[in-house]
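Asks: Here's a sequence, model it:
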Amino acid sequence: RPAAYDELPRTGLPPAFRDEEEYDTFLDSLTRGGIIPDASYIWWSVRPSLQHPTLELRVADSVTSVDDALAIAALFRTLVFRLDRDDSFGRPVDGVVRAIAEENRWRVQRLGLEAKIVDVLGQGPILVRTALQRLISDLSQDAKALGRLEDFNGIQAILDFGTSAGRQIEIFANARRADRTRDEALVRVASWLMRATVDGTNAEVRIKRELAV
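Replies: Predicted coordinates:
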């Protein structure tokens, strides 16, 4: 889905606007030019919210576990909280940082938690798992201050047990190794998705074991 979505305009990572005024100038140019009716037609991975005084972090795809969804939301909220109070956190976005972020986004989109990305702070290679572990450590006190530490700790569970996408790929691969046809393997994946979605919270690890082939 993210790869197909990138074929559309105003998707992916946003340009590096210097300030809100520059963003408003861009938005005004598109609306006055009749390109879009309003800001809801900007579909970047991160964008200012049209209805609320915050950012919408849209890069994450759908997940099948309620716990995973809450963990990702808590991570995003904690990041916004930290960036708002700490100007020294991270690195300012320039052309180099944005280009590295775009490369990293593609690698994570393709390889998930097994991806190796570029650390924008150290400019060296780093595993996604290591980067997330560092982020968890850096942001845990902020999550606690927000009262979202329990949800935030769910990020560690994702690292421990894997993502929904990873589980779907595993089920498909196991079915194919067991001489199932492609259609039969896809049915296995769809069956797992339905059960995981219905069972929801804390059910995916158990379901993964039950449907292993």
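Asks: What residue in the chain is the furthest from its centre?
Replies: D179 (33.3 Å; Cα atoms, centre = their mean).
Asks: Let's verify that residue: helix, strand, or coil?
Replies: Classification of D179 using DSSP: H, G, I helix; E, B strand; the rest coil returns coil.
Asks: all strands of the protein, in order?
Replies: Along the chain, counting by DSSP state E, strands occupy 46-48, 55-57, 116-118, 125-127.
Asks: Would you quantify the distance from the residue nearest the centre of the chain to T78?
Replies: Central residue of the chain (Cα atoms, centre = their mean): A60, 2.9 Å from the mean position. Between A60 and T78 the distance is 14 Å, computed by Cβ to Cβ, to the nearest Å. Quick note: C-beta positions are derived from backbone N, CA and C, even for glycine.
Asks: remind me which residues of this structure are low pLDDT?
Replies: 200-213 (pLDDT under 70).
Asks: For it, just list every one of the helices.
Replies: For the chain, the helices defined by DSSP state H occupy 2-5, 20-32, 66-85, 95-111, 128-146, 149-152, 154-161, 164-177, 182-199, 204-210.
Asks: Out of the ones you listed, which gets nearest to L13?
Replies: Checking these against L13 by Cβ to Cβ gives helix 95-111 as the closest, at 5.4 Å.
Asks: Any buried residues in the closest one, and which?
Replies: 97, 100-101, 104-109 (16 or more other Cβ atoms under 10 Å).
Asks: want to throw the residues you listed into CSV with distance to A157?
Replies: Shown next, in CSV, are those (distance: Cβ to Cβ, whole Å):
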residue, distance to A157
V97, 30
I100, 28
A101, 25
N104, 23
R105, 23
W106, 26
R107, 23
V108, 18
Q109, 21
